[in-house]
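[1] task: produce atomic coordinates for the following.
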Amino acid sequence: MSRAERLLDLIQLLRRHRAPVSGPALASELGISIRTLYRDIATLQAQGADIQGEPGLGYVLRPGFTLPPLMFTADEIEALVLGSRWVARRAEDARLGDAAANAIAKITSVLPEDLRQSVEGAALLVGAGEVTPAVVDLGAIRLAIRSERKLAIAYRNADGSATERAVWPFAIGFFDRVRVVAAWCELRQDYRTFRLDRISRMEALPDRYPRRRAVMLKEWREREGIRPS
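    Below is the predicted model:
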């Protein structure tokens, strides 16, 4: 967890408590040391948070504080807007599209007026594309990747032959016309990529795969000569 995320979590935690809450209780819930908690509280107080209390007595956040506005350059805003528009229009994943729109809305809500106008008036547009539709739920594959779970798939190869496989998914590739999932294939005992439009059936398995997703992704990239973006 980054420090910015930790500070946001601390603010949200304090907002949930109307009565003073002790430092050890806050530190325990956040999973940090008491010294780190004291430093974070001091940081938030320096940024204007009306956090009252002191070690041994407990802390309470008075109403009215919001984190300082996020600051982006014009190029950064255009990159964020373009990316969110691409996801919403071309990702073929409704939940991912909604999440992209929500993320931009949250960012826009805390920007100063001039930067907010840059978001609303961004002139970079995403055109329609001809993506070969997938039968399976891309969102379910994303969930399997996040939880490091195996998938059972029925797959049709380029020559039309069908196979049943158990795979360990660790990445999804978004290309102009197709979406592919990179995975370790138990049948081939090797890394393979599978086009989503050729997966006719898929089932999430309860088993976690035995290797870490990040390790497999790094190993696969090195083997394929793909540099991290």
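
[2] now the helices for this structure?
    Remark: helices assigned in the chain by DSSP state H are 3-16, 23-30, 34-46, 74-90, 94-109, 113-120, 138-147, 213-224.

[3] and those: which comes nearest Ala182?
    When the helices of the chain are compared by C-beta to C-beta, helix 213-224 sits nearest Ala182, at 6.1 Å. All C-beta spots, glycine's among them, are computed from the backbone N, C-alpha and C.

[4] on that earlier part again, and the helices of the chain as CSV, adding mean neighbour count, distance to Leu196 and mean pLDDT?
    Shown next, in CSV, are those (neighbours: other C-beta atoms under 10 Å; distance: least, C-beta to C-beta, whole Å; pLDDT from 0 to 100):
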stretch, mean neighbour count, distance to Leu196, mean pLDDT
helix 3-16, 15, 31, 82
helix 23-30, 16, 38, 92
helix 34-46, 15, 43, 90
helix 74-90, 17, 14, 84
helix 94-109, 15, 13, 84
helix 113-120, 14, 31, 74
helix 138-147, 16, 7, 94
helix 213-224, 14, 18, 93
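
[5] in CSV: those helices, plus distance to Ile199.
    Shown next, in CSV, are these (distance: least, C-beta to C-beta, whole Å):
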stretch, distance to Ile199
helix 3-16, 34
helix 23-30, 40
helix 34-46, 45
helix 74-90, 19
helix 94-109, 18
helix 113-120, 37
helix 138-147, 9
helix 213-224, 19
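
[6] contacts only, for Arg156.
    Ala162, Arg198, Ser200 (C-beta atoms under 8 Å, 6 or more residues apart in numbering).

[7] now the spatially closest residue to the last one that is not a sequence neighbour: how far from Pro169?
    Which is Ser200. Closest residue to Ser200 apart from its sequence neighbours, by C-beta to C-beta, 6 or more residues apart in numbering: Ala154 at 4.8 Å. According to C-beta to C-beta, to the nearest Å, Ala154 stands 15 Å off from Pro169.

[8] between the two, which is the more surrounded one?
    Pro169 (26 against 16; other C-beta atoms under 10 Å).

[9] which residue packs closest to that one, ignoring adjacent ones?
    Computed as C-beta to C-beta, 6+ apart, the closest residue to Pro169 that is not its neighbour in sequence is Ala183, at 4.4 Å.

[10] beta partners for that neighbour?
    Beta-bridge partners recorded for Ala183 (DSSP bridges): Pro169, Arg192.

[11] quick one on the thing from earlier: so which of the helices of the chain gets nearest Phe175?
    helix 74-90 (10.3 Å).

[12] understood, closing this out.
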